[in-house]
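S.K.: the following comprises the amino acid sequence and a computationally predicted model.
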Amino acid sequence: MFYAPEIYYRILEHYANERTVFNEVLTFDPVRMIAGQIDLIAVNQKEKTFVIDDWKTNNVPIRKEAGYYKKDIDGMLTDIFVPKWTFMSEPLGHLTDSKYYHYTMQLSMYAFLVEQATGYKCKGLRIYHIRNAAQIVNVYTIDIHDVPFLKRECIDLLNYMEHEHKE
């Protein structure tokens, strides 16, 4: 468990002195009319690479499986996960319709836009899932998820969107 200010220092530990760190960076493609705001991007200018980090604060664990957590009679979330066998719409129909893959696609699209704009290469994508620990004020747990860069899926989605708008 970590106290709120410690979270910041834990994240910066990953970057030592080798990278320049920027937060709340806007990325966009004016032709395709898509944009997003990156929570943190660490750039290694010598290697021409970058890493993107994103904070999530859901109350429940981030899972690859599609589904939901049951609520009790009072409407409070339980730890009982109910799987659903659902997938995203095409062209992403091979990905489960889960928070994990929604967030992975979000970060992947950010990375794709940064690569297109800068020529730098994505070296990693990471989700910091920050949750309140047992409802104790200012005490948190952090689950770190290194997620894949789904570059092919970004290209497929953008091509699909472009094709849909032409019709």
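M.R.: Yep, that arrived.
S.K.: after the lengthiest helix in the chain, which helix or strand is next?
M.R.: Counting residues, the longest helix in the chain under DSSP state H turns out to be helix 99-118. Sequence-wise, the next helix or strand beyond helix 99-118 is strand 121-132, with elements assigned using DSSP states H and E.
S.K.: only alpha carbons, please: show the helix or strand harbouring residue 39 as CSV.
M.R.: Counting by DSSP H and E, the element that carries residue 39 is strand 34-44. Output for strand 34-44, consisting of C-alpha atoms alone and laid out as CSV, is shown next (Å, rounded to 0.1, in the frame of the first residue of the first chain):
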residue,chain,number,x,y,z
ILE,A,34,-9.2,12.1,-33.5
ALA,A,35,-7.5,13.3,-30.3
GLY,A,36,-6.6,12.2,-26.8
GLN,A,37,-4.8,13.3,-23.7
ILE,A,38,-1.9,11.3,-22.5
ASP,A,39,-1.4,11.2,-18.7
LEU,A,40,2.3,10.7,-18.9
ILE,A,41,4.8,10.2,-21.7
ALA,A,42,8.5,9.6,-21.1
VAL,A,43,10.7,10.4,-24.1
ASN,A,44,14.2,9.1,-24.7
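S.K.: so which residues of this protein form strands?
M.R.: Ranges of strands within the chain are 2-3, 20-29, 34-44, 49-56, 67-71, 77-83, 121-132, 139-147, based on DSSP state E.
S.K.: compare those and give me the one nearest residue 156.
M.R.: Within these, the stretch nearest residue 156 is strand 34-44; the backing value is 14.4 Å (C-beta to C-beta). Quick note: C-beta positions are derived from backbone N, CA and C, even for glycine.
S.K.: so what touches that closest one?
M.R.: Outside of strand 34-44, the residues within contact range by C-beta atoms under 8 Å, 6 or more residues apart in numbering are 11, 14-15, 18-29, 49-55, 106, 109-110, 113-114, 120, 123, 158.
S.K.: that older thread, can you add distance to residue 100 and mean pLDDT and give the strands of the chain back as TSV?
M.R.: Below are the strands of the chain laid out as TSV (distance: least, C-beta to C-beta, whole Å; pLDDT from 0 to 100):
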stretch	distance to residue 100	mean pLDDT
strand 2-3	22	50
strand 20-29	21	89
strand 34-44	17	92
strand 49-56	10	92
strand 67-71	11	88
strand 77-83	13	85
strand 121-132	8	89
strand 139-147	7	83
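S.K.: alright, I will stop here.
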